[in-house]
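In: Structure for the following, please:
(chains A and B)
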Amino acid sequence: VWAYNSFLDMLGLKRMVAEAKLLFLEMQEKGMTPNVDTYNVLIHAICVAGNVEEALRILKNMLSHGPKPSIVSYTIVMRALSGQRRIEEALQLLEDLSQQGLSIDKSMYGTLLYGLCKGGRVADAIRLFEKMELSGFNDIVAYNCLIRGHCEMGDMNAAKKLFIEADAKGLKPDVVMYTTLINGFFKIGNIEAAQELVTDVGKKGLKPDLIMFSTLMEGLCENECFEAAQELLDEIVRQGLEPNSSMYTMLICALCMAGSADKAVHFLEEMSLKGLRLD
RNA sequence: UCCGGUGAGCGCCCA
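Out: A predicted model of the protein is given here:
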């Protein structure tokens, strides 16, 4: 069963949900009894594939036959509902799990926080965050969720304050947190604050990744920093990373709108040399 | 120990 669980997980991560389902059936044909981990892996794969309805059905079925859902099962489905901003249904799930006698752990609180922020209910999220604080659940992930909630509301003062608070607590801000804030500052047009954070990433010796660079590319283009956007491509290569097609597409779009057709053509050619195509 | 929570764009789904 353990071997099957691991294999199922692999398939799920590779977005091979159909294959995962077949494997699940095969297990049962061979007389093996899937345990709750097996179900969780399957539910996770189904959720990642975006089929929350089916995940909900499986979760409900587990109540009557098969292994009882664990807190992990609920967390997986909660996360999927939250990602689709279906916060009411997510909260309903929370009541269901209490009725099952399950108690809410740190990851579930984190998921709930994510859901509230994603659903724009930042005030509720702040209350939950304060409650989580008492249990020592506020790790770097929790901080980042709430920071993102504030960013989405354009409240960068609150976001920055949380960032400083996390730092002061000794929770080391990571590239994810910097990316969240950089994105937030770009969205309100505060280019200086965004640039300052980028400098900070370098000072701290953190390794920028493709997601951070993609965020930068979008922010620079949206704020019409065309030179900086072009230089960014070189910086990405210096960091040993490969610019992807969406970065080129953003840059080329921005250059076209700025009326620099010649430069746009230059990057278009560079793209095709690398075997990339416009998105 | 092993299954679950955080960041960009694209695609997918929904509108």
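In: Dihedrals phi and psi, the closest residue to RNA strand B within the stretch 51-200 of chain A?
Out: Across the stretch 51-200 of chain A, no residue is closer to RNA strand B than A:Gly110, which sits at 2.2 Å (CB to the nearest atom of the strand). Where you see a C-beta, it was placed from the backbone N, CA and C, and this is true even at glycine. Summarising the backbone geometry of A:Gly110 under the convention degrees, to the nearest 10, its torsions are phi -60, psi -40.
In: you'd agree it is up against A:Val141?
Out: Yes: the pair formed by A:Gly110 and A:Val141 meets the contact definition of CB atoms under 8 Å, at 5.6 Å.
In: more neighbours, those two?
Out: Shown here are A:Gly110 and A:Val141; by other CB atoms under 10 Å, A:Gly110 has more neighbours (21 against 18).
In: remind me which residues of chain A are low pLDDT?
Out: Segments of chain A classed as low confidence (criterion: pLDDT under 70) are A:10-15.
In: Please enumerate the strands of it.
Out: With DSSP state E applied, chain A shows no strands anywhere along its length.
In: what sits against the residue located most distally from the centre of it?
Out: Among the C-alpha atoms of chain A, the one most distant from their mean position (CA atoms, centre = their mean) is that of A:Gly31, at 37.5 Å. By CB atoms under 8 Å, 6 or more residues apart in numbering, the contact set of A:Gly31 is empty.
In: what does A:Glu235 give?
Out: So A:Glu235 contacts A:Phe213 (CB under 8 Å, 6+ apart).
In: Is there any residue in stretch A:171-188 that contacts RNA strand B?
Out: Yes: with CB under 7 Å from any atom of the strand as the measure, stretch A:171-188 is seen reaching RNA strand B through A:Asp174, A:Val175, A:Val176, A:Met177, A:Thr179, A:Thr180, A:Asn183.
In: Now do the nearest residue to A:Leu278 once chain neighbours are set aside against A:Lys187, distance only.
Out: For A:Leu278, the nearest residue in space outside its immediate sequence neighbours is A:Thr249; the separation is 5.3 Å by CB to CB, 6 or more residues apart in numbering. Taking CB to CB, to the nearest Å as the measure, A:Thr249 and A:Lys187 are separated by 19 Å.
In: and what of A:Glu227?
Out: Taken as CB to CB, the spacing of A:Glu227 relative to A:Lys187 amounts to 21 Å.
In: Compare the two (neighbour count), which wins?
Out: Taking A:Glu227 and A:Lys187 together and counting by other CB under 10 Å, A:Lys187 has the greater number of neighbours (17 against 8).
In: so that one touches A:Cys151, yeah?
Out: Yes: under the criterion of CB under 8 Å, A:Lys187 lies in contact with A:Cys151, with a separation of 7.0 Å.
In: ok, which stretches of the stretch 1-150 of chain A are helices?
Out: With DSSP state H, counting those that start in this stretch, the ranges of helices along the stretch 1-150 of chain A come out as A:2-13, A:17-29, A:36-48, A:52-64, A:71-83, A:87-99, A:106-118, A:122-134, A:140-152.
In: closest one to A:Leu255 among the ones you listed?
Out: Between A:Leu255 and these, the tightest spacing by CB to CB is seen for helix A:140-152, at 27.2 Å.
In: Establish whether the closest one and RNA strand B are in contact.
Out: Yes: residues of helix A:140-152 are located near RNA strand B by CB under 7 Å from any atom of the strand, namely A:Ile140, A:Val141, A:Ala142, A:Asn144, A:Cys145, A:Arg148.
In: quick one: contacts for the third one?
Out: So that's A:Ala142. With contacts defined as CB under 8 Å, 6+ apart, the neighbours of A:Ala142 are A:Tyr109, A:Gly110, A:Leu113, A:Phe129, A:Met132.
In: what separates it from A:Leu128, distance-wise?
Out: In this structure, A:Ala142 and A:Leu128 are separated by 9 Å, where distance is defined by CB to CB.
In: just the first one next, same as before
Out: Look at A:Ile140 and A:Leu128: by CB to CB, they are 17 Å apart.
In: Between the two, tell me which one has more neighbours.
Out: Residue environment comparison for A:Ile140 versus A:Leu128 gives the larger neighbour count to A:Leu128, 21 against 15, counting by other CB under 10 Å.
In: was I right about the more buried one contacting A:Leu113?
Out: Yes: between A:Leu128 and A:Leu113 a contact is recorded at 5.5 Å, counting by CB under 8 Å.
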